[in-house]
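S.K.: Pasting a predicted model and its sequence here:
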Amino acid sequence: QVQLVESGGGLVQAGGSLRLNCTVSGRTFSTYAMGWFRQAPGKEREFVATIDITSGADYADSVKGRFTISRDNAKNTVYLQMDSLKPEDTAVYYCAASSINSFYLRRAPSTNSWGQGTQVTVSS
């Protein structure tokens, strides 16, 4: 198991940008598929983006072209750059890690390790 700590959330106006960071403990970060999910009030948690061990990325349609996921294996950190933010992006954002692969990270979230979440609020 690994431990994940998110940071970088906050309040931003529509059209603005934020970058979320997720730092992972342990020396095997490079072998984990990483991802971001979010949960808005009253809604189910939803997939946002994943990045695999070769840095191949996948995005939800709702964020494609606006969000960019990246990783720095030397820093054990995965990032989510969020641009052109919309009020509907308001949610708690969770970082996730899978020792299997990015398919399982997205499709079998019960197998993931999770961070504690960071709040993102986009005002109109």
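M.R.: Received the coordinates, thanks.

S.K.: Surely residue 104 is in a strand?
M.R.: No - counting by DSSP: H, G, I helix; E, B strand; the rest coil, one finds residue 104 to be helix, located in no strand.

S.K.: now the strands for the protein?
M.R.: Counting by DSSP state E, the segments of the chain that form strands are 4-7, 10-13, 18-24, 33-39, 46-51, 57-59, 67-72, 77-82, 91-98, 113-114, 118-123.

S.K.: Tell me which of these sits nearest to residue 107.
M.R.: Smallest distance to residue 107 across the strands of the chain (C-beta to C-beta): 8.9 Å, for strand 46-51. In this view, the C-beta of every residue, glycine as well, is placed from N, C-alpha and C.

S.K.: and that closest one, what does it pack onto?
M.R.: Applying 3 or more C-beta pairs under 8 Å, 6 or more residues apart in numbering; DSSP states H and E, we find strand 46-51 packed against strand 33-39, strand 57-59, strand 67-72, strand 77-82, helix 102-107.

S.K.: Please identify the deepest-packed of the ones you listed.
M.R.: For those, the largest average neighbour count (mean count of other C-beta atoms under 10 Å) is found in strand 33-39, namely a mean of 24.

S.K.: Give me the contacts around that one.
M.R.: The contact list for strand 33-39 (C-beta atoms under 8 Å, 6 or more residues apart in numbering) reads 20, 22, 24, 45-53, 69, 71, 78, 80, 89, 91-98, 100-102, 104-106, 109, 112, 117, 120.

S.K.: Need the strands of the chain in JSON lines (columns: mean pLDDT).
M.R.: Formatted as JSON lines, the strands of the chain follow (pLDDT from 0 to 100):
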{"stretch": "strand 4-7", "mean pLDDT": "96"}
{"stretch": "strand 10-13", "mean pLDDT": "98"}
{"stretch": "strand 18-24", "mean pLDDT": "98"}
{"stretch": "strand 33-39", "mean pLDDT": "98"}
{"stretch": "strand 46-51", "mean pLDDT": "97"}
{"stretch": "strand 57-59", "mean pLDDT": "97"}
{"stretch": "strand 67-72", "mean pLDDT": "98"}
{"stretch": "strand 77-82", "mean pLDDT": "98"}
{"stretch": "strand 91-98", "mean pLDDT": "97"}
{"stretch": "strand 113-114", "mean pLDDT": "96"}
{"stretch": "strand 118-123", "mean pLDDT": "98"}
